[in-house]
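got a sequence here, can you model it:
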Amino acid sequence: MTYKRIIRPLLFKIEPEQVHHLLVNGLKCYRHLSPIRSGIRKKYHTYKPFSYKDIVFPNRIGLAAGFDKEAAVFDELADFGFGFIEIGTVTPHPFDGNPGPRIFRLIDDESLISRTGFNNPGLEIVLDRIKEIPKRNYRLGVNINKDATSTTSEQIVADFSLLFDSFYLFVDYFTLNWGSIDAADFEAVLAQLANLREAKPENKCLFIKLPADIPEAALDTVIALAQRYHADGFIATGPTMDRSNLSSTARTEADKIGAGGLSGKGIGAKSVHVVRYIKSKTQEQFLIIGAGGIMTSQDAKNMLEAGADLLQVYSTFIYNGPNAILELNKSI
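Numbering: from 1, shown residues only. Just a heads-up that it's a prediction; the model follows:
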């Protein structure tokens, strides 16, 4: 309650990206305070393992891509009870993303609108930072994508191949974003990564992240591609462009903000619907990570009942603080 009553109101007086920079810098200082870190780990640590193939997740709650795009503080974030953390999105070369302001809060609806545009420091810096933490008691994933300047199929496949090969020995899983490139190029990337995986000495999981607004016909296409090229599962879902689940006040505010993906409570039941559809079509064939709109323990239970195996959060960490992760772990 201290977070929601005192800390959050203070933080929310500051522009969202500035708050993010403050938190990252604070966590960089925190990493050197060993006694405090030990106490935080003890408070938030939850070990309720979930196994999939050769990978064991310490618990079912993960942090979604987008929070630690630069791989700057993933090890410190894990102290707050996450069983897995996804960094990125990472591209081969640094990218500044869209001009700011580009992250906006809809406080009454506990939602965020974001149009950051895959800003990240690039493969080389992210990989060096991952290598600095060789031993981890949580699973680490990386969300990868092409350079903004890569337009031909050959360039796109080469970008993904480079990222995949470079990160392979240092992460536990990879995520590709459906919709970030066209369907034909996406299939070409999956085919290439399937070939690369066959030549590797150990298996690293490959997940496909789906947008919240994906129609069922497109879902059928993605499922077929996942089966054909032996992807391990899905993350369902990313943000939505639909704002119909917002309150009338927040909808008016969102219209003033303009373009951007909506996450948090305002995503409504879209993610649950996608999870339920995938489960009904594939049964136990794929691992399903439910994401989007998981703000409360009941939201988490609804997602698991729909067919999710693991859960990813983002907005609830912003709106409800680190205690939310502990409560979610306890509730499931």
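
strand partners (parallel or antiparallel) of whatever helix or strand Gly290 lives in?
Following DSSP states H and E, one finds Gly290 within strand 287-291. The sheet places strand 287-291 alongside strand 233-236 (parallel), strand 310-313 (parallel), with pairing taken from DSSP bridges.

closest one to Ala254 among the ones you listed?
Ala254 lies closest, by C-beta to C-beta, to one member of the strands paired with strand 287-291: strand 310-313, at 21.2 Å. C-beta: built from backbone N, CA, C; applies to glycine.

got the CA coordinates for the helix or strand following the closest one in CSV?
On the C-terminal side of strand 310-313, the nearest following helix or strand under DSSP H and E is helix 315-320. Written as CSV, here are the backbone C-alpha positions of helix 315-320 (Å, rounded to 0.1, in the frame of the first residue of the first chain):
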residue,chain,number,x,y,z
SER,A,315,1.8,-2.5,-16.5
THR,A,316,1.0,-4.0,-13.1
PHE,A,317,4.6,-3.6,-12.1
ILE,A,318,4.2,0.2,-13.0
TYR,A,319,0.9,0.7,-11.4
ASN,A,320,1.0,-1.6,-8.4
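
after helix 315-320, which helix or strand is next?
The first helix or strand that comes after helix 315-320 along the chain, using DSSP H and E, is helix 323-331.

elements contacting that next one?
With contacts taken as 3 or more C-beta pairs under 8 Å, 6 or more residues apart in numbering; DSSP states H and E, helix 323-331 sits against helix 34-44, strand 61-63, helix 297-306, strand 310-313, helix 315-320.

distance from the chain centre to that helix, please.
Its chain's average C-alpha position is 18 Å from that of helix 323-331, according to C-alpha atoms, centre = their mean, to the nearest Å.

residues contacting it, please?
Outside helix 323-331, the residues within contact range by C-beta atoms under 8 Å, 6 or more residues apart in numbering are 3, 43-44, 46, 48, 59-61, 80-82, 294, 297, 300-301, 311, 313, 316-317.

for it, what is the average pLDDT?
Helix 323-331 comes out with an average pLDDT of 95.
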